[in-house]
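Undergrad: Provided below for reference: sequence and predicted model.
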Amino acid sequence: MKKFRPQPGFVVQAYRFALDPNAAQEHALRSHCGAARAAYNWAVGWVTASWWQRKAEETYGIPADQLTEWRPWSLPSLRKSFNAAKHTDPRFTDWW
């Protein structure tokens, strides 16, 4: 791995903070982390489902121009798709 070297004349400074949340804050932090992990898992599953669908279609001999379209996986498209899914997907409707 390449070592970071600041440009001449620049100062590099770092800070370290310790969190000491109370019970309510700890619950909020854990909830946020759980929601982020659920969104990440949804995005990975959503994109790989498209990949596996195309793989299956290839084994059936379907021509490349007729395969299922790739699902876009840029951040804006994933965000838009997840925002739509969290209102209809039963995994998210109860707690999102």
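TA: Thanks, I have it.

Undergrad: what about Leu19, how many residues nearby?
TA: 7 (other C-beta atoms under 10 Å). From N, CA and C alone the C-beta is placed, and that goes for glycine too.

Undergrad: ok, for it, nearest residue in space, not its chain neighbours?
TA: Leu29 (7.8 Å; C-beta to C-beta, 6 or more residues apart in numbering).

Undergrad: and the gap between that neighbour and Ala18?
TA: To Ala18, Leu29 is 14 Å away according to C-beta to C-beta, to the nearest Å.

Undergrad: which one's more surrounded, these two?
TA: A count of neighbours by other C-beta under 10 Å puts Leu29 above the other of Leu29 and Ala18, at 12 against 4.

Undergrad: the more buried one against Pro21, yeah?
TA: Yes: contact status for Leu29 versus Pro21: in contact at 6.1 Å, counting by C-beta atoms under 8 Å.

Undergrad: in which helix or strand does Ala14 reside?
TA: Counting by DSSP states H and E, no helix or strand carries Ala14.

Undergrad: what about it, how many residues nearby?
TA: By other C-beta under 10 Å, the residues close to Ala14 number 4.

Undergrad: on the pLDDT front, check it for me.
TA: Per-residue confidence (pLDDT) for Ala14: 88.

Undergrad: cool, Ala18 as well?
TA: pLDDT at Ala18 comes out at 93.

Undergrad: kindly report the same for Trp96.
TA: pLDDT at Trp96 comes out at 68.

Undergrad: if we can go back for a sec, helix or strand: which one has the residue nearest to Leu19?
TA: Going by DSSP H and E, Leu29 is in helix 23-59.

Undergrad: next, the buried residues of that helix.
TA: 38-39, 42-43, 50, 54 (16 or more other C-beta atoms under 10 Å).
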